[in-house]
Each structure stands twice: as structure tokens, then as C-alpha cells.
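Enquirer: this one's structure only:
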């Protein structure tokens, strides 16, 4: 980590808790991957206990051998916590631990969720309403147009677009979301100080201004081949669904789709010509049960209820992604319907709309599976 400490002033230094320091010290250790780290934390409870555990207890954890034990014993020498903290303070990168309220709830479902994230930009509650768009770096014109158009449409609908900031499909998805005036999140396969590919430095800054750039790696971690499959689990973990646009047989995008399936998240794919190598993986996903996507409505219809309600910046509460497609009057009627049995007469009275108009809107809400009729005169939210 030498080179991070380059004269940061006292004013730029950021104080952190001892628990955060221990989390940094353990999570940044070389030679300990996400699976091993998850097993260590599961066994010992917290980073401080892992760092203090005797050798024989560490050796009892699957995947922990002499090299890992030696790395843990040398943690203070191998990880310069102060330099990392100073760098992040100077570059306005937040350090977010998995016990912090701003840590993404969806990501916490992963069995090997990173215990710490480095975040440039702002993550907000609405980012739980998110779709990952991933695909090949060697995209065709067709693939790039589809990625940009669908990301634009999702952004206009209020859905956050997540991708990996790689060349090709990823970059087109980020750019489409920003063009749509929406939010987008990039997940790096490197540290924030080693943006890859280097020509996406400007794109990284633009994404941070329209959402966030996230990494689990220390600031000057250089990209290596094994980091990108690890990065893909975070892309899938942050998203309600993963949309694949152009992916050959062997593709990191297919790894992201597999992880999404394992987490019971939706997997969708844009079809391509049967003669196109770039679309072979997408066509196989569709053959194996992935949702075929032609328009943004195909995506929104597949997302369905949220695991927990999400508070938006305008004060409303989203329980189902289908609510994003409601107009003002439909939203007004939905807000008047409770989770318990609600008389339709009370809905009409609350909304101060003509009875026939409210009844028509109730039918629309029922078709979109946002409410259910309990009898001829009673409804409730789903």
C-alpha cells in the first residue's frame, strides 16, 4: 500500500472506529478471497475476533492454511489502514461497513457479501429498485443500441441501472441511464485509484455524479483476471434482476446471470440472431428459461413486489416495481387502499374522484397485481 500516503493534511484525515479499522485490516489482506473471508466471519463473529484467534482455531476453518494464517498474523504490516483512510478522505470515497445503515440490503443476501465497500458518489434507498445490464465487451451495433435504449427507458421509469463499467455493453448501459436522467451504479473490478479501462476515467466521474461507483478493493488494487468474476457477484447482488445483452458462450455476463439465479433473482435476456456468436449465450439463457426481453415493459413486468418497502425521495413508498408505471390518479387511488380490507366507498371518499373513475382505476390496479378484490365492495393492497 506504499504510495497512498502522499502528504494528506490533518484536515483531510478521516477518523474511523476501531471496528471499521479491524474490518479494513482483515478484508484488505492479500490471499483471502470472499468465500474464505465469509467463512472466517461466520466462525468467529467479527473481524477483531478473527485477527485475535489462535492459529489452531484459524486452521479449523475450511480453506485456511499456513499462508492465510501468516497473512492474518502480519495484518498490521500488510495493510496500511491509515493510508487507505486518508486516500478515501482526500478523494471523497466513503468507507461503508456491512453493519452500517447505508450498506445495500439486497447485497447483504449474498453468502459472500463483502464486509466493506468503497463508494464514490451517493447510494440512496431507491437504488434497491435496480436492474443489472451486462454483456460482452465486443458488442455489435445492435447490442450497443439495445443496451443504451433499455437503460434509458429503465432510468425514465425510475429504475437504477447497475453494470461493471467495462467496454461495450456495460458502458452503453451506464450512458443510456444517464441520458435518461436516472441513476446508475458501476461496480469495479479494481480499486478506485486504478480505474479500468483507463479511458473510462471520465465515465467513472460522470457515474459518481449520477449515482455511485463501488469497489470492494483497496484504492490502488490493480485489476486482475480473478477480480472480475468476484465483481460480478456484487452486480447481481445489488439488483432485482439481471439483463444480459450479447454474451458469447464463455462470458463474465453469464457468470453474473448464474449468480442471480442462485440468489433467486430474475434473469432476462435480449435475443439475437442465431448466427451471431455474440448472442449465443443470450439465446441459450432464453432456451433455459430466462425471460425474453423486447421492450422495457417486459423487464418491469418481471420485477414484481419488493422484499421490503422502499421510501423514495418524494416521500412515497414503493412496495412493487409495477407502481413506477402508475400515473398521478392511479397512485392516488393506490395510496388510499390499505393492506387490510378497505371499503371501495372509503377509497372514493378519500380520493374525491367520481365513483366510476375510481372503479375503473381499481380494475387497472388489479390487473397490475397491486391490489386484490376481497368481495364486490372491498379491496386490499398486495
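Expert: That came in fine, so what should we check first? The structure displayed is predicted, hence computed values, not measured ones.

Enquirer: what helices or strands is the helix or strand in which residue 253 is found leaning on?
Expert: Assessed by DSSP states H and E, residue 253 sits inside helix 252-262. Applying 3 or more CB pairs under 8 Å, 6 or more residues apart in numbering; DSSP states H and E, we find helix 252-262 packed against strand 130-135, helix 227-237, strand 241-245, strand 266-270, helix 280-287. For the C-beta atoms, the positions are set from N, CA and C on the backbone; glycine is no exception.

Enquirer: other residues contacting the fourth one?
Expert: What that stands for is strand 266-270. 143, 146, 150, 240-246, 257, 260-261, 282-283, 285-286, 290-294, 298-299, 302-303 (CB atoms under 8 Å, 6 or more residues apart in numbering).

Enquirer: do that again at 6 Å, thanks
Expert: 146, 241-245, 257, 260-261, 282, 285-286, 290-291, 293, 302 (CB atoms under 6 Å, 6 or more residues apart in numbering).

Enquirer: next, the angle from it to helix 252-262.
Expert: 150 degrees (axes from the mean of the first three to the mean of the last three CA atoms, to 10 degrees).

Enquirer: quick one on the thing from earlier: so of the contacts of strand 266-270, which two are at opposite extremes in space?
Expert: Largest separation among these by CB to CB: 146 and 261, giving 21.6 Å.

Enquirer: who's more crowded, the two?
Expert: Comparing residue 146 with residue 261 by other CB atoms under 10 Å, the one with more neighbours is residue 146, at 26 against 17.

Enquirer: for residue 321, see how far away residue 302 is.
Expert: Separation of residue 302 from residue 321 (CB to CB, to the nearest Å): 9 Å.

Enquirer: quick one: which of those two has more around it?
Expert: Legend: neighbour count by other CB under 10 Å for residue 302 and residue 321, higher for residue 321 (24 against 18).

Enquirer: identify each buried residue in the lowest-mean-pLDDT helix or strand in the chain, please.
Expert: Lowest mean confidence among the helices and strands of the chain (mean pLDDT, DSSP states H and E): strand 305-311, at a mean of 77. For strand 305-311, a neighbour-count test (16 or more other CB atoms under 10 Å) marks 305-306, 310 as buried.

Enquirer: follow-up on the earlier one: and the helices and strands packed on helix 252-262, which is most packed in?
Expert: Among the helices and strands packed on helix 252-262, ranked by average contacts under mean count of other CB atoms under 10 Å, first place goes to strand 130-135 (a mean of 31).

Enquirer: show me what the next helix or strand after that one is packed against.
Expert: Note on strand 130-135: by DSSP H and E, the next helix or strand toward the C-terminus is helix 141-157. Using 3 or more CB pairs under 6 Å, 6 or more residues apart in numbering; DSSP states H and E, the elements in contact with helix 141-157 are strand 130-135, helix 169-179, strand 241-245, helix 296-303.

Enquirer: tabulate these (CSV), appending distance to residue 197 and mean pLDDT.
Expert: Formatted as CSV, the helices and strands packed on helix 141-157 follow (distance: least, CB to CB, whole Å; pLDDT from 0 to 100):
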stretch, distance to residue 197, mean pLDDT
strand 130-135, 16, 97
helix 169-179, 9, 97
strand 241-245, 19, 97
helix 296-303, 27, 89
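
Enquirer: format those as a markdown table; extra columns: distance to residue 335.
Expert: Converted to a markdown table, these look like this (distance: least, CB to CB, whole Å):
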| stretch | distance to residue 335 |
| --- | --- |
| strand 130-135 | 23 |
| helix 169-179 | 28 |
| strand 241-245 | 26 |
| helix 296-303 | 20 |
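
Enquirer: show me the one of those that comes nearest residue 210.
Expert: In terms of CB to CB, the element of the helices and strands packed on helix 141-157 nearest to residue 210 is helix 169-179, at 4.9 Å.

Enquirer: looking at this, residue 43 is in a helix?
Expert: Yes. Judged by DSSP: H, G, I helix; E, B strand; the rest coil, residue 43 forms part of a helix.

Enquirer: now do the phi/psi pair for the nearest residue to it once chain neighbours are set aside.
Expert: Closest residue to residue 43 apart from its sequence neighbours, by CB to CB, 6 or more residues apart in numbering: residue 61 at 5.3 Å. Dihedral pair for residue 61: phi -90, psi 130, per degrees, to the nearest 10.
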